[in-house]
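S.K.: below is the sequence, then the predicted model.
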Amino acid sequence: MDNIPPLPPIEGELMLEVFTHESLNSRPDALTSDEHGGNVRLATLGEKLLEAAVMTNLFRRRPMYGSKQLKEILDDLVSPHNVDRWTTAYNLKSKLRCAPGLVGKIRSADEGRKLFWAYIGALSIQSEYSVVQDWINQLLEPSEKRVKNEPPPVSIPSPLPQQIGAPPNIAESSRHRLFGQFGNTPTFSQPSPRPVQPPPYIPGNVGSPNVGMSPFMRPGTSQPPPPATKPPPLPPTPGGQQISYLPLFNQTASQRRVAVEYTAQFFGPPHAGKWHVKCMVNNIEKGEGAGPSKQLAKEEAAKQAFYAMGWSN
């Protein structure tokens, strides 16, 4: 499991609490003199935070999972076996101090999961919750599908220009609604696309060695070339608001029946890295973008692709 994101650091006395097993307490489940009450208390907090971070990640995926699927996938991802895989990958058990004679016990999957919970609980105390969420996102998904802790994109309510060959009055009225340049002409609304059903979920795949881990670009690796010069912006929509290119490009591509795919990679440390996104149209790169969040990089890639396809005319 080499392709895992870096372990967010925990420092000072908090780290000692995480790696001190409850067997070193005067009695089981007793509060310690530590500032946060010891390993067991941190694990109780971390258990709920892990479930929340995993559920948030699953809830934001598209196509959507149903309620039953969300619960089934959550149970697999937070199972003792799967969480213990992460504990083992980070070699956390080797740092755990315990009473003599219990070395064999702490190697169990259940103890590994408790240690991982304690680490998450401590991390949430030392840092913001967003650090926990971003770390879990990287553990759950490949880099090109990661879900950042960011708001959803803004959609454009007006319809787009029609396909080539559409009746002139319909195409002109669509352009009027998009750019406001054709006077009070009749408008035409494009029917909403049919919803896409989510792929079927097969329980048990989470525990496989290559599922749930994400590629990571180690420090020192050369950065990809910067994106090409940005094209000029489209005219503003009525009301002075700037057009968002991502929904504009996706809807135009859907109307013109071309396949669009976005590939994304994250470079650098979690707290100061950058996302790089490529827009592939029929498996040909048409745009590239970079930014501090995946959404901003994706927006820039869609903008370049929109001009590269000649759809701005």
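M.R.: Noted; the coordinates are in hand.
S.K.: got the domain ranges for this protein?
M.R.: If you go by automatic domain parsing, the domain ranges for the chain are 13-140, 168-192+200-308.
S.K.: between those domains, which one is nearest to P6?
M.R.: domain 168-192+200-308 (6.7 Å; CB to CB). (C-beta placed from N, C-alpha, C; glycine too.)
S.K.: packing partners of the top helix by length along the chain?
M.R.: Secondary structure assigned by DSSP state H gives helix 39-59 as the longest helix of the chain. The helices and strands touching helix 39-59, judged by 3 or more CB pairs under 8 Å, 6 or more residues apart in numbering; DSSP states H and E, are helix 13-18, helix 67-77, helix 109-126, helix 129-140.
S.K.: quick one: contacts of the first one?
M.R.: Helix 13-18 is touched from outside by 10, 32, 34-36, 38-39, 42, 115, 118-119, 122, 125-126, with contacts defined as CB atoms under 8 Å, 6 or more residues apart in numbering.
S.K.: hmm, 6 Å instead?
M.R.: For helix 13-18, the external contacting residues (CB atoms under 6 Å, 6 or more residues apart in numbering) are 34, 36, 38, 118-119, 122, 126.
S.K.: quick one: contacts for V132?
M.R.: Applying CB under 6 Å, 6+ apart to V132 gives the contacts 49, 53, 120, 123-124.
S.K.: please read the previous query as pertaining to N39.
M.R.: So N39 contacts 20, 22, 118 (CB under 6 Å, 6+ apart).
S.K.: same question for Y119.
M.R.: Here Y119 is in contact with V18 (CB under 6 Å, 6+ apart).
S.K.: could you rerun that using 10 Å?
M.R.: For Y119, the contacting residues are 7-8, 10, 15, 18-19, 39, 42-43, 46, 50, 86-87, 90, 92, 132, by CB atoms under 10 Å, 6 or more residues apart in numbering.
S.K.: from the residues you listed, which would you call buried?
M.R.: 8, 10, 18-19, 39, 42-43, 46, 50, 86-87, 90, 92, 132 (16 or more other CB atoms under 10 Å).
S.K.: for the protein, which spans come out with low pLDDT?
M.R.: For the chain, the stretches with pLDDT under 70 are 1-2, 26-33, 142-242, 313.
S.K.: kindly indicate which of the contacts of V132 lies nearest E72.
M.R.: A53 (17.5 Å).
S.K.: verify the stated contact: the closest one with I120.
M.R.: Yes: if you go by CB atoms under 10 Å, A53 and I120 touch, sitting 8.0 Å apart.
S.K.: shared neighbours of those two, anything?
M.R.: By CB under 10 Å, 6+ apart, the residues touching both A53 and I120 are 132, 135-136.
S.K.: quick one: which of those residues is nearest G273?
M.R.: Among the shared contacts of A53 and I120, W135 lies closest to G273 (CB to CB), at 12.6 Å.
S.K.: list the contacts of N282.
M.R.: N282 touches 253, 258-261, counting by CB under 10 Å, 6+ apart.
S.K.: okay, the longest helix of the chain in CSV with CA atoms only?
M.R.: This file holds the C-alpha atoms of helix 39-59, laid out as CSV (Å, rounded to 0.1, in the frame of the first residue of the first chain):
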residue,chain,number,x,y,z
ASN,A,39,-6.6,7.0,24.2
VAL,A,40,-10.0,5.4,24.7
ARG,A,41,-11.8,8.8,25.0
LEU,A,42,-10.1,10.1,21.9
ALA,A,43,-11.1,6.9,20.0
THR,A,44,-14.8,7.5,21.0
LEU,A,45,-14.6,10.9,19.4
GLY,A,46,-12.7,9.6,16.3
GLU,A,47,-15.2,6.8,15.7
LYS,A,48,-18.0,9.2,15.0
LEU,A,49,-15.9,11.6,13.1
LEU,A,50,-14.7,8.8,10.8
GLU,A,51,-18.3,7.8,10.1
ALA,A,52,-19.3,11.4,9.4
ALA,A,53,-16.3,12.0,7.0
VAL,A,54,-17.0,8.7,5.1
MET,A,55,-20.7,9.4,4.8
THR,A,56,-20.0,13.0,3.6
ASN,A,57,-17.7,11.6,0.9
LEU,A,58,-20.3,9.1,-0.3
PHE,A,59,-23.2,11.5,-0.2
